[in-house]
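Participant: Quick one: sequence plus predicted model below, questions after.
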Amino acid sequence: MYRLLRAPLQPVTYSRWLHLCVPILLVALWMFIGPEIPWVPLLIAVPLGLVPWVRLVEGLQARFLLTPHDWDRSESTISAVPSKRWNDRWRTLLWLEVRLVLAGGAWVPTVWLPAMTVELVSIAIGHPLGGDLMLPFAPPRWAAALLVPVPLVLLIAIVVLLGELITAIAQRLLGPSAAERLTALEARTEQLLERNRIARELHDSIGHALTVAVVQAGAARAAGDPEFTDRALCAIEETGRAALEDLERVLGVLRESGQRPSQRPTLVEADRLLESARASGAAVDAQLTGPLDKLPGPVTREGYRILQEALTNVLRHCGPVPVRVRIEMAGDRLDLEVSNPLPAGPALTLGSGSGLRGMRERAALLGGEAETGPFEGSWRVRARLPLERIR
């Protein structure tokens, strides 16, 4: 009852009424041409329902008029794409037929009930209309005055019920098919994967830059040596500039500006990471073997990020300690290993960090694996990335 009383204040009530009345124009036009065969509009709808683009037009109209609150939602319950399969075409055809039938059912109360209200008002004011009346009987003036709102309330109730009915049918017949739902799910999955990738990019790049800056600033303050301070400031500047480039590239992707972002760094630029770690006080023993410039794009880019996160973790959790880096192209895979001695004191709890999880995710997306954890008194990060399946 409360819903019925609130219905006249809801814009969707009148938009659904308009949707019900649109096919009446076709029916009314045909009634002037051939009133003796009123079922012809149902026959005309048959070839229209088989046209793929009719489903798109009907879906957009239904979204706009029946479910305006879902108009701009990607997961709307009403599809707005052309028919791609015969199943969608038959559903569109059935929708057109049902819509015409409901329009015919809505036409009678839409015309009859307002006319009845006018007659009741004319009787109540003492000037009854002449000719054929819509009322089954002529009530007295006092009864007519009391009955004036009844047809309008009945009309609103009919419009609300028919609107709910046509909306439910539209969601059933014009709703996304199984193939469309699968396509939308795949697009959503791709979007989530891209967002996770961007989050990893920001974590690895900005996290590395901030870690280097913090370590360098702390070391420079503790050293009290102007020459060392100058080198530390240069390292902070270089690392910060690289982080700004990465940040601008990622923001360009988020803006979807259409401009091609700068290329992501690769293992060919690994020396930049190694020098940054050395400038932070770490004694880096690096051995890079093989033609790294020949690596497939995904492998060399993700390998760079794994190396960057591994060095960042060393500086963040262990400080300027000796670091051993080994990168080698071994046949059909790339082996990357970073190890450093564990500091004295309580055992490190690094296994739950998002950076280590990101390294494992990067390796898994390429069909490889990444291992992180204590190994023979050291902390070791070892990644194995396949090359053949990427090529």
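Facilitator: Received the coordinates, thanks.
Participant: make it CA atoms for all contacts and neighbour counts henceforth
Facilitator: Will do.
Participant: Work out for me the element residue 157 sits within.
Facilitator: Residue 157 is part of helix 149-173 when elements are defined by DSSP states H and E.
Participant: got a list of contacts for that helix?
Facilitator: Residues outside helix 149-173 that contact it (C-alpha atoms under 8 Å, 6 or more residues apart in numbering) are 4, 7-8, 13, 16-17, 20, 62, 66-67, 77-78, 91-92, 94-95, 99, 102, 106, 109-110, 113-114, 116-117.
Participant: List only buried entries from those residues.
Facilitator: Those of these that meet the buried threshold are 7, 13, 16-17, 20, 62, 66-67, 77-78, 91-92, 94-95, 99, 102, 106, 109-110, 113-114, 116-117, by 16 or more other C-alpha atoms under 10 Å.
Participant: ok, back up a step: now do the helix holding residue 157, average pLDDT.
Facilitator: Helix 149-173 comes out with an average pLDDT of 88.
Participant: Stretch 59-69 now?
Facilitator: Per-residue scores along stretch 59-69 average to 86.
Participant: If we go by neighbour counts, what in it is buried?
Facilitator: For stretch 59-69, using 16+ other C-alpha under 10 Å, the buried residues are 59-68.
Participant: Could you do stretch 221-231 as well?
Facilitator: 228-229.
Participant: For it, give me every contacting residue.
Facilitator: 220, 279.
Participant: and it, how far apart are its ends?
Facilitator: 12 Å (C-alpha to C-alpha, to the nearest Å).
Participant: same thing with stretch 67-84?
Facilitator: 23 Å.
Participant: Let the chain start at 29 from now.
Facilitator: Shifting the count to begin at 29 puts that one at stretch 95-112.
Participant: which of the residues in it are buried?
Facilitator: Quick answer for stretch 95-112 (16+ other C-alpha under 10 Å): 95-96, 99, 104-111.
Participant: same thing with stretch 311-320?
Facilitator: 311-312, 314, 316, 320.
Participant: Mind picking the two most distant members of those?
Facilitator: 311 and 320 (22.9 Å; C-alpha to C-alpha).
Participant: circling back to that earlier point, can you lay out the buried residues of stretch 311-320 as a markdown table showing distance to residue 408, pLDDT and secondary structure?
Facilitator: Formatted as a markdown table, the buried residues of stretch 311-320 follow (distance: C-alpha to C-alpha, whole Å; pLDDT from 0 to 100; DSSP: H, G, I helix; E, B strand; the rest coil):
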| residue | distance to residue 408 | pLDDT | secondary structure |
| --- | --- | --- | --- |
| 311 | 16 | 89 | coil |
| 312 | 14 | 91 | strand |
| 314 | 14 | 92 | strand |
| 316 | 17 | 92 | strand |
| 320 | 22 | 87 | helix |
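Participant: what about the strands in the stretch 179-328 of the chain?
Facilitator: 312-317 (DSSP state E, counting those that start in this stretch).
Participant: So which residues of it form helices?
Facilitator: 206-251, 254-283, 298-307, 325-345 (DSSP state H, counting those that start in this stretch).
Participant: Just the buried residues of stretch 87-97: which are in helices?
Facilitator: 87-93 (DSSP state H).
Participant: Okay, now the unreliable bits of the stretch 179-328 of the chain?
Facilitator: 207, 210-215, 217-219, 221-222, 225, 228-229, 232-233, 274, 276-291 (pLDDT under 70).
Participant: circling back to that earlier point, which of the contacts of helix 177-201 fall within helices?
Facilitator: Per DSSP H, those map to helices at 32, 41, 44-45, 48, 90, 119-120, 122-123, 127, 130, 134, 137-138, 141-142, 144-145.
Participant: So what's the model's average confidence on stretch 394-407?
Facilitator: 88.
Participant: again with stretch 361-370
Facilitator: 91.
Participant: just stretch 126-145 next, same as before
Facilitator: Stretch 126-145 comes out at a mean pLDDT of 83.
Participant: what comes into contact with stretch 304-314?
Facilitator: Here stretch 304-314 makes contact (C-alpha under 8 Å, 6+ apart) with 240, 243-244, 247, 259-260, 263, 267, 302, 339, 343, 347-354.
Participant: Counting neighbours, which of those end up buried?
Facilitator: Neighbour-count burial within the contacts of stretch 304-314 applies to 240, 243-244, 247, 260, 263, 267, 302, 339, 343, 347-353; the criterion is 16+ other C-alpha under 10 Å.
Participant: How about the contacts made by the nearest residue to residue 88 once chain neighbours are set aside?
Facilitator: Nearest residue to residue 88, sequence neighbours excluded (C-alpha to C-alpha, 6 or more residues apart in numbering): residue 108, at 5.5 Å. Residue 108 sits next to 83-88 when contact means C-alpha under 8 Å, 6+ apart.
Participant: Give me the domain ranges for the chain.
Facilitator: 30-204, 210-414 (automatic domain parsing).
Participant: is it true that residue 400 lies in a helix?
Facilitator: No. Applying DSSP: H, G, I helix; E, B strand; the rest coil, one finds residue 400 to be strand, outside a helix.
Participant: ok, now how distant is it from residue 334?
Facilitator: 11 Å.
Participant: From residue 145, how far out is residue 166?
Facilitator: Distance from residue 166 to residue 145, by C-alpha to C-alpha: 13 Å.
Participant: picking up where we left off before, rebuild the contacts of residue 108 as JSON lines, extending it with distance to residue 325.
Facilitator: Shown next, in JSON lines, are the contacts of residue 108 (distance: C-alpha to C-alpha, whole Å):
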{"residue": "83", "distance to residue 325": "42"}
{"residue": "84", "distance to residue 325": "40"}
{"residue": "85", "distance to residue 325": "43"}
{"residue": "86", "distance to residue 325": "45"}
{"residue": "87", "distance to residue 325": "42"}
{"residue": "88", "distance to residue 325": "42"}
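Participant: Determine which two of those residues are furthest apart.
Facilitator: Taking C-alpha to C-alpha, no two of the contacts of residue 108 sit farther apart than 83 and 88, at 8.5 Å.
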